[in-house]
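Here is a sequence together with a model predicted from it:
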Amino acid sequence: MTLKKLSNYYLIKPMSRTVLLNPGPVNITDKVRQAMTLPDLCHREKEFSNLMAAIRAKLLQAFNIEETFTSVLVSGSGTAALEMAVSSSLTPKRSMLVIENGVYGERIGKLCDVYNFHRHTIKLDWGVPPNLDDIESILKKQSDIEIVSMVHHETTTGLLNPLQSIGELAKKYGKIFLVDCISSLAGDEVDFTSIDLAVGTANKCLQGVPGVSFVLFRKKDLGRLIKIPARSLYFNLTEYHKAQEIGKLLFTPAIPAHYALDVALDELIEETVAGRIYRYANCAKFLRDGFKKLNLEYLIPEGWRSNCLTGLKLPKGVSYEKLHGKLKANGFVIYAGQGNLSENIFRIANMGDIKKEEFDRFIKILGTIC
């Protein structure tokens, strides 16, 4: 490929920016973008230790959990932090209960299999919420279960799983609750009172850029976690925590992504988590009112939908390829369905720094296509 072709590939129309209606990476503010142009920095210097400490503290401050939680940063996508949490949290000879109702719940199960963990699985059709009685039944019967694991916002469909109710069940039976909050943190209400380990990433509702993710876990659980034998070199949670507590690193971090996350967290703290959730909820309502007027059919019923993403059935006679192509030509990127939903649905996320007039223009263009 020639330089010219590469240049053309990345060319953005000067008339307007591309609006990302996919669930991460998201549109970011100019301040976050400018942060990535800060001076080159050696990660072994005090300046980066200070940056890392600031980010770790701001994560806890934003969600008001400084007293009970600690944070660990890892360079990589949200899946990197998820693997770190899953691989580092299960005591030998114990098992994990995995709730699967989408691609990302199934990913937790795959991680268990990679590490040869014993697991119990509640497997549901994609988009079907778990039954609390079924969860309680298996917790009563299977005394070897140590951890209950679940995805909060399952972006496969846009389903928001009942985090608080399942967390209360885990607490009732003395289980550790591990939650993939990658697509919900700062976009949907997250009840930390029953969570023991929460996994997140910079490039979704926190409005940072890809390259850094994190695990939040209860300080009181550190003693148990330290006793678990190392199962991975790169994804060892307690070794990262030990190093980061004294301003050190195990491996080279994605420095520009850390710069961006630091500024993104400043913006989140200024807006407040509650304020951002409110903004996202209003954006989702605006879009869904528009979808209703276009007679589009929802995948997930009202009451179970995330604030951050809407799954919609493709209109009759309109392929995803056609819909995606025409929208992209007008400056909007949408998301396809996955797996057995790939031919039937499309997904519209409303994460990130997107203006009301951009949502309004999107609905109008969508109407001309559908």
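Nice, I can see it.

what comes up buried for the host helix or strand of Ala257?
For Ala257, the host element (DSSP states H and E) is helix 255-271. Buried residues in helix 255-271, counted by 16 or more other CB atoms under 10 Å: 255-268, 271. The C-beta positions use only the backbone N, C-alpha and C, and glycine is treated the same way.

go on, stretch 78-98?
Buried-residue list, stretch 78-98, by 16+ other CB under 10 Å: 78-90, 95-98.

Dump the C-alpha coordinates for stretch 145-157 into PDB.
Extracted in PDB, the C-alpha atoms of stretch 145-157 (Å, rounded to 0.1, in the frame of the first residue of the first chain):
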ATOM      1  CA  ILE A 145     -18.400 -21.600  44.400                       C
ATOM      2  CA  GLU A 146     -16.200 -18.800  45.600                       C
ATOM      3  CA  ILE A 147     -16.900 -16.100  43.000                       C
ATOM      4  CA  VAL A 148     -20.000 -15.000  41.100                       C
ATOM      5  CA  SER A 149     -19.100 -13.300  37.800                       C
ATOM      6  CA  MET A 150     -21.300 -11.300  35.400                       C
ATOM      7  CA  VAL A 151     -21.200  -8.600  32.800                       C
ATOM      8  CA  HIS A 152     -23.200  -5.600  33.800                       C
ATOM      9  CA  HIS A 153     -23.900  -4.000  30.400                       C
ATOM     10  CA  GLU A 154     -23.900  -6.800  27.800                       C
ATOM     11  CA  THR A 155     -23.200  -4.800  24.700                       C
ATOM     12  CA  THR A 156     -24.000  -7.800  22.500                       C
ATOM     13  CA  THR A 157     -27.600  -6.700  22.800                       C
END
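
model confidence over that stretch, on average?
The pLDDT scores in stretch 145-157 average 98.

could you list every residue that touches His120?
Contact analysis of His120 by CB atoms under 8 Å, 6 or more residues apart in numbering lists Ser95, Met96, Leu97, Val98, Ile138, Gln142, Ile145.

ok so, going back, mind checking the pLDDT average for the helix holding Ala257?
On average, helix 255-271 scores 98.

Tell me which other helices or strands it touches.
helix 30-35, helix 46-62, strand 212-218 (3 or more CB pairs under 8 Å, 6 or more residues apart in numbering; DSSP states H and E).

rewinding a little: just give me the closest of the buried residues of helix 255-271 to Gln244.
Closest approach to Gln244 among those (CB to CB): His258, at 11.9 Å.

residue contacts, that closest one?
Phe48, Leu51, Met52, Ile55, Leu73, Gly211, Val212 are the contacts of His258 under CB under 8 Å, 6+ apart.

Would you mark the buried spots in stretch 284-301?
Neighbour counts using 16+ other CB under 10 Å place Ala284, Leu287, Arg288, Gly290, Phe291, Leu296, Tyr298, Leu299, Ile300 of stretch 284-301 among the buried residues.

which residue packs closest to the first one, ignoring adjacent ones?
With sequence-adjacent residues excluded and distances taken as CB to CB, 6 or more residues apart in numbering, Ala284 is closest to Asn307, at 5.1 Å.

Check the secondary structure at the one you found for me.
coil (DSSP: H, G, I helix; E, B strand; the rest coil).

That one touches Leu287, doesn't it?
No. With contact defined as CB atoms under 8 Å, Asn307 and Leu287 do not form a contacting pair (10.7 Å).

So for the two, which residues contact both of them?
Taking CB under 8 Å, 6+ apart as the criterion, Asn307 and Leu287 both touch Asn350.

what's near enough to touch the nearest residue in space to Arg33 that is not next to it in sequence?
Among residues not flanking Arg33 along the chain, Ala260 sits closest, at 7.6 Å (CB to CB, 6+ apart). Shown in contact with Ala260 (CB under 8 Å, 6+ apart): Ile28, Val32, Arg33, Ala35, Met36, Ala202, Gly208, Val209.

ok so, going back, show me the contacts for the residue nearest to Ala284.
Contacts of Asn307 by CB under 8 Å, 6+ apart are Leu160, Gly187, Asp188, Ile277, Tyr280, Ala281, Cys283, Ala284, Asn350.

Sketch out the low-pLDDT regions of the chain for me.
Scanning the chain for pLDDT under 70 picks out 1-15.

Which helix runs longest in it?
helix 273-293 (DSSP state H).

between that helix and helix 46-62, what angle do the directions make?
70 degrees (axes from the mean of the first three to the mean of the last three CA atoms, to 10 degrees).

tell me which strands and helices helix 273-293 is in contact with?
When contacts are defined as 3+ CB pairs under 8 Å, 6+ apart, helix 273-293 packs onto strand 309-313, helix 356-369.

Next, format those as a markdown table and append mean neighbour count.
Below are the helices and strands packed on helix 273-293 laid out as a markdown table (neighbours: other CB atoms under 10 Å):
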| stretch | mean neighbour count |
| --- | --- |
| strand 309-313 | 23 |
| helix 356-369 | 15 |
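
nearest to Asn330, of the ones you listed?
Closest among the helices and strands packed on helix 273-293, using CB to CB: helix 356-369, at 5.0 Å.

Tell me which residues of the helix or strand hosting Arg107 come out buried.
Element membership of Arg107, judged by DSSP H and E, is helix 103-114. Residues Val103, Tyr104, Gly105, Glu106, Arg107, Ile108, Gly109, Leu111, Cys112 are the ones in helix 103-114 that count as buried (16+ other CB under 10 Å).
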